[in-house]
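Participant: Sequence plus predicted model, see below.
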Amino acid sequence: MSEVYLIDANILITPYEQYYPFDLAQTFWQQMGTHISNGKIAILDMVRDEIYKGQDDLSNWLKGLHIAQMVSHKDQGVIVNYSQIIQYLQNSNLYKEPAMQEWANGSVADAWLIAAAMKHGYTLVTFEKPNMGLNAKSPSKKAKLPDVATQFNVKTVDLFYIMRQLQIFL
């Protein structure tokens with residue numbers, strides 16, 4: 001089976017706002033839409049809802065697509081994994097209390113993304129970079145997706161990786 005990519009909201013929001021506006025990069029958005037519709041790119045319900053809140057061209061674009069792999073954060077297996085992730089943050093000496101509190105907030109998608117990727121074997125796609133200075137002597141106030149995903153054997157990549165893998169060319 002080939003790789004399926006679960007995308008963080010920033011994988012759509014950042015290109016829309018900074019790199020690939022719809023009027024200049026129609027090919028990018030058409031190809032992304034194709035891969036969302038054919039199931040190569042999966043979307044967590046919380047990410048979809050975050051995009052929909054924008055009420056802009058990006059939200060209208062996503063609303064117009066068939067999302068072949070819509071992942072519910074309410075799935076029992078995802079909830080079990082989510083609990084393990086929050087437990088890890090609570091018990092880890094790498095993070096301060098605010099990191100766990102932020103991720104334990106039910107409306108923050110980060111832990112849910114990792115939990116869903118764990119359950120389905122997806123590769124997680126985000127622009128977040130690992131915290132290179134993460135250590136127990138100086139715990140971090142913020143948990144980063146790549147750092148926590150690594151603890152749960154979830155592969156993380158960036159947009160440019162999936163553009164190459166899925167042959168999304170501008």
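Facilitator: That came in fine, so what should we check first? Note that this is a predicted model, so its numbers are computed, not measured.

Participant: Go through the lowest-mean-pLDDT helix or strand in the chain and flag the buried ones.
Facilitator: Least confident helix or strand of the chain, by mean pLDDT, DSSP states H and E, is helix 97-104 with a mean of 91. Under the neighbour-count criterion of 16 or more other CB atoms under 10 Å, helix 97-104 has 99-100, 102-103 buried. C-betas here are computed from N, CA, C, even on glycine.

Participant: Take those and lay them out in TSV including distance to Y16.
Facilitator: Output for the buried residues of helix 97-104, formatted as TSV (distance: CB to CB, whole Å):
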residue	distance to Y16
A99	28
M100	31
E102	24
W103	25
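
Participant: Looking at those, spot the one nearest D8.
Facilitator: Nearest to D8 out of the buried residues of helix 97-104 is W103 (CB to CB; 13.6 Å).

Participant: Look up how far L24 lies from that closest one.
Facilitator: Remark: distance between W103 and L24 (CB to CB, to the nearest Å) = 35 Å.

Participant: ok, now N135?
Facilitator: Taking CB to CB, one finds N135 at 42 Å from L24.

Participant: Please list the outside residues in contact with stretch 105-124.
Facilitator: 3-6, 8-9, 42, 44, 46-47, 50, 71, 73, 75, 77-82, 84-86, 89, 102-104, 126, 143, 145, 148-149, 152-157 (CB atoms under 8 Å, 6 or more residues apart in numbering).

Participant: Would you write a ChimeraX line that selects the buried entries of these?
Facilitator: To isolate the buried ones among the contacts of stretch 105-124 in ChimeraX, judged by 16+ other CB under 10 Å, type:
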select :4,5,6,8,9,42,44,46,47,50,71,73,75,78,81,82,85,89,102,103,126,143,145,148,149,154,155,156,157
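
Participant: Narrow the contacts of stretch 105-124 to those in strands?
Facilitator: Counted as lying in strands by DSSP state E, out of those, are 5-6, 42, 44, 71, 156-157.

Participant: need the residues you listed in a markdown table with pLDDT and distance to I13, can you?
Facilitator: Formatted as a markdown table, the ones in strands among the contacts of stretch 105-124 follow (pLDDT from 0 to 100; distance: CB to CB, whole Å):
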| residue | pLDDT | distance to I13 |
| --- | --- | --- |
| Y5 | 98 | 16 |
| L6 | 98 | 15 |
| A42 | 98 | 17 |
| L44 | 98 | 14 |
| V71 | 98 | 18 |
| T156 | 98 | 17 |
| V157 | 98 | 17 |
